[in-house]
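In: Sequence below, structure please.
(4 chains)
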2 protein chains.
Amino acid sequence: MADQSARPSSESLLFLTDEQLRKGIEAMFFAYRGFTADPDRILEERGYGRAHHRAVHFIHRSPGTTVNNLLSILGVTKQSLNRVLRTLIEDGLVESKVGTKDKRERHLTLTDKGRELERALSDAQRNRMRDAYRKAGPEAVQGFRQVLVAMMDGDMRRHYLALKDASQ
Amino acid sequence: MADQSARPSSESLLFLTDEQLRKGIEAMFFAYRGFTADPDRILEERGYGRAHHRAVHFIHRSPGTTVNNLLSILGVTKQSLNRVLRTLIEDGLVESKVGTKDKRERHLTLTDKGRELERALSDAQRNRMRDAYRKAGPEAVQGFRQVLVAMMDGDMRRHYLALKDASQ
DNA sequence: CTTGGAATGTCAACAAGGCTGACTTAAAAC
DNA sequence: GTTTTAAGTCAGCCTTGTTGACATTCCAAG
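Out: Okay, the predicted model is just below:
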């Protein structure tokens, strides 16, 4: 986080030319397309879209999460989320349970069917990510994550860091 | 399938647990939001959207490019691109010139007004990228680009590599 | 010279998924 | 007892993607 970590690397930050930065921007653009390509294919087969993917992903990640929490993670309006959530509940992929402590809240979890979709989507996306990591090598993976985290807005970084990470 | 999240997969050369891969996926998601946040604000002020940004960016990057070339870079239909292009031409940000050699083609360039918008957008985006790079450090930047390139689909990687790079 | 195909543009219709605004219900908080 | 909060709903709008059909222009091959 400390941006003056004083990496004693000869030219330090001098290699940040506009052209370098542009290539980084374009890399993000093209890579994001690859990043979503595989899930998009699976989603289309089943009549869902990216919005459904995002909802399913974060419900899987934080089972029992409330609608409000999901809203702030996804950064969309409740009307927008509700449209997606309604179809997922109707189709039996997501279960909505009234809260026990606070009965205004609805706690969202995936059903078996929902977990099956989540699995298909995340398998595809993890395979893509794994291949990219392997091609780039271990040190690259470190740097990749560091730059991405640094690129997030504060709100999003907090959400990101709050997601449980069983691996480190 | 293949849920080995309980096993840290130590036999692989990389520490690629499912959890690690998930964090990478989530980092992409949240970072892309940050990546587009600043341009989105500028675009909204001026009544444009991301589609306009993409068109302006790649016309700036390859002045005189044809519509067909732009289509294959952007990966949308000509009807979709045309709608965006038409408003940009009407608003005097883009100029469309009939080709001299092949008069069916239209060669697209930015006007002064178009360059002004491009500048505003890319300044914002480069600042974000530069800050992220500085926070992450020089080694991280290398890895960042490597993973992104490895994540692209073949078509997109070719487009990416074909873009002129004055800096390396 | 004619014709086929390529490049472009345009019209119409539609869908996903964002948005705002207004309003209801139920429950918690004060 | 009033206000605030969480959630849901309805209606309508916008951007940006999609198909399909069709016109125009022009290059190039027969």
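
In: who's in contact with stretch A:56-66?
Out: A:69-70, A:73-74, A:88, A:93-94, A:99, A:105-110, A:114-115, A:117-118, A:121-122, A:163-164, B:22, B:26 (CB atoms under 8 Å, 6 or more residues apart in numbering or on different chains). Bear in mind the C-beta positions are built from the backbone N, C-alpha and C, glycine included.

In: Kindly write the PyMOL command that selects the buried subset of those.
Out: Filtering the contacts of stretch A:56-66 down to the buried ones (16 or more other CB atoms under 10 Å in any protein chain shown) takes a single PyMOL command:
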select buried, (chain A and resi 69+70+73+74+88+93+94+105+106+107+108+109+110+114+115+117+118+121+122) or (chain B and resi 22+26)
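
In: which ones among the contacts of stretch A:56-66 are found in helices?
Out: With DSSP state H as the criterion, helices contain A:69-70, A:73-74, A:88, A:114-115, A:117-118, A:121-122, B:22, B:26 from among those.

In: ok, those vs DNA strand D, which is closest?
Out: Distances from DNA strand D to these, taken as CB to the nearest atom of the strand, are shortest for A:Asn69 (7.0 Å).

In: Give the full set of residues in contact with that closest one.
Out: Residues near A:Asn69 by CB under 8 Å, 6+ apart: A:Ser62.

In: For my notes, please list the ones in helices among the contacts of stretch A:56-66 in a markdown table and give distance to DNA strand D and pLDDT for each entry.
Out: Below are these laid out as a markdown table (distance: CB to the nearest atom of the strand, whole Å; pLDDT from 0 to 100):
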| residue | distance to DNA strand D | pLDDT |
| --- | --- | --- |
| A:Asn69 | 7 | 95 |
| A:Leu70 | 8 | 96 |
| A:Ile73 | 12 | 95 |
| A:Leu74 | 12 | 96 |
| A:Leu88 | 11 | 96 |
| A:Gly114 | 15 | 96 |
| A:Arg115 | 20 | 96 |
| A:Leu117 | 20 | 96 |
| A:Glu118 | 19 | 97 |
| A:Leu121 | 20 | 96 |
| A:Ser122 | 24 | 95 |
| B:Arg22 | 24 | 93 |
| B:Glu26 | 21 | 95 |
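
In: Would you mind listing what in chain A touches DNA strand D?
Out: Counting by CB under 7 Å from any atom of the strand, chain A comes close to DNA strand D at A:66-69, A:71, A:78-79, A:82, A:85-86, A:96, A:102, A:104-106.

In: Give the ChimeraX command for selecting the buried subset of the residues you listed.
Out: In ChimeraX, this line selects whichever of those come out buried by 16+ other CB under 10 Å:
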select /A:66,69,85,105,106
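
In: what's the distance between A:Asp112 and B:Leu71?
Out: A:Asp112 is 42 Å from B:Leu71, where distance means CB to CB, to the nearest Å.

In: Equivalent analysis for A:Phe30, please.
Out: 15 Å.

In: again, but for A:Ala162
Out: From A:Ala162 to B:Leu71 the distance is 41 Å (CB to CB).

In: A:Ala31 and B:Phe35, how far apart?
Out: In this view, A:Ala31 and B:Phe35 are 11 Å apart by CB to CB.

In: now the helices for chain A?
Out: Along chain A, counting by DSSP H, helices occupy A:18-46, A:50-61, A:67-74, A:78-90, A:112-136, A:138-151, A:154-162.

In: now the second one and helix A:112-136, what's the angle there?
Out: What it means is helix A:50-61. 90 degrees (axes from the mean of the first three to the mean of the last three CA atoms, to 10 degrees).

In: buried residues in helix A:50-61?
Out: Across helix A:50-61, burial judged by 16+ other CB under 10 Å covers A:Ala51, A:His52, A:His53, A:Arg54, A:Ala55, A:Val56, A:His57, A:Phe58, A:Ile59, A:His60.

In: Tell me the one among the residues you listed nearest to B:Ala132.
Out: A:Arg54 (22.6 Å; CB to CB).
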